[in-house]
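J.: Build the 3D model from these lines:
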Amino acid sequence: MKSYWNKLKDSFTEKKERGEIDIGGILVMGIGMVFLAVGFIMYPIIMTATDALLAWICTANASITDATFTGFTAIVGIVPLLVLIGFLSAAVFSMYLGVKIMRGAAGDTKLDLGTMLLLGLSLIFIAIGLIILPVTLEAICSVLTGDGSGLSASYVGLSPILLVTPLMILISFISGAVISGFFGIKRLGA
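T.: All right, here's what the predicted structure looks like:
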């Protein structure tokens, strides 16, 4: 029976591995770090954008604010939390997947341009959504105020649709970010 030290010495001298490294695992772990970095870089920008949306007042009619639109203020208020949780989750999942790939338990990885584009689209959806919303709010406000006389009564049912439109736009951009990010990460491990 070998002593503990002899077993330890033998484990260092035996050549059981060839030193192969799965570059896909390293790349996926790198993507996790990028998600973490970009998340914290974008976070102050997202906070500024959401603060501007929460303080928005129509230029044509000061009585129309962000609170005028149905459910908009509550969803804008939760966007920074959703974005932070999203980036942290994507980073943790990517790092976990990278470790799993390095151990050989994840099977074949697909690091192609389409996967990278899906991951990048998730960031672009958030940015475009926050950039386009003030323009959308002003456009809807101009339709609601008309020429100062308000919305014409001949447009039946238009006002409730216009009041919920900013909420729908924001939810669609957040959903687009979540879905493209999910499928981008899913394709990494597929």
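J.: list the buried ones in the helix or strand hosting S142?
T.: Secondary structure assigned from DSSP states H and E places S142 in helix 113-145. Of all the residues in helix 113-145, those buried under the rule 16 or more other CB atoms under 10 Å are 115, 118-119, 121-123, 125-126, 129-130, 133, 137, 140-141, 144-145. For the C-beta atoms, the positions are set from N, CA and C on the backbone; glycine is no exception.
J.: again, but for stretch 163-170
T.: Result for stretch 163-170 [16+ other CB under 10 Å]: buried residues 163, 165-167, 169-170.
J.: Now do the helices in the protein.
T.: Along the chain, counting by DSSP state H, helices occupy 4-13, 23-54, 72-103, 113-145, 158-189.
J.: tell me the mean pLDDT over the shortest one?
T.: This means helix 4-13. The pLDDT scores in helix 4-13 average 65.
J.: likewise the last one?
T.: Mean pLDDT, computed over helix 158-189, is 84.
J.: name the helices or strands packed onto it?
T.: Helix 158-189 is packed against helix 72-103, helix 113-145, with contacts defined by 3 or more CB pairs under 8 Å, 6 or more residues apart in numbering; DSSP states H and E.
J.: As CSV, the helices of the chain with distance to I64 would be great.
T.: As requested, the helices of the chain are exported to CSV (distance: least, CB to CB, whole Å):
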stretch, distance to I64
helix 4-13, 73
helix 23-54, 14
helix 72-103, 12
helix 113-145, 5
helix 158-189, 10
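J.: Contact partners for the residue nearest to V28 when sequence neighbours are not counted?
T.: Closest residue to V28 apart from its sequence neighbours, by CB to CB, 6 or more residues apart in numbering: G98 at 3.8 Å. Contacts for G98 were tallied using CB atoms under 8 Å, 6 or more residues apart in numbering; they are 25-32.
J.: Distance-wise, check G98 relative to C141.
T.: Here G98 is placed at a distance of 47 Å from C141 (CB to CB, to the nearest Å).
J.: Same check on T50?
T.: The gap separating T50 from C141 is 19 Å, by CB to CB.
J.: residues touching the residue lying closest to A177 once chain neighbours are set aside, list them.
T.: Once flanking residues are discounted, A177 sits nearest to F125: 3.9 Å by CB to CB, 6+ apart. Taking CB under 8 Å, 6+ apart, we find F125 in contact with 173-174, 176-177, 180.
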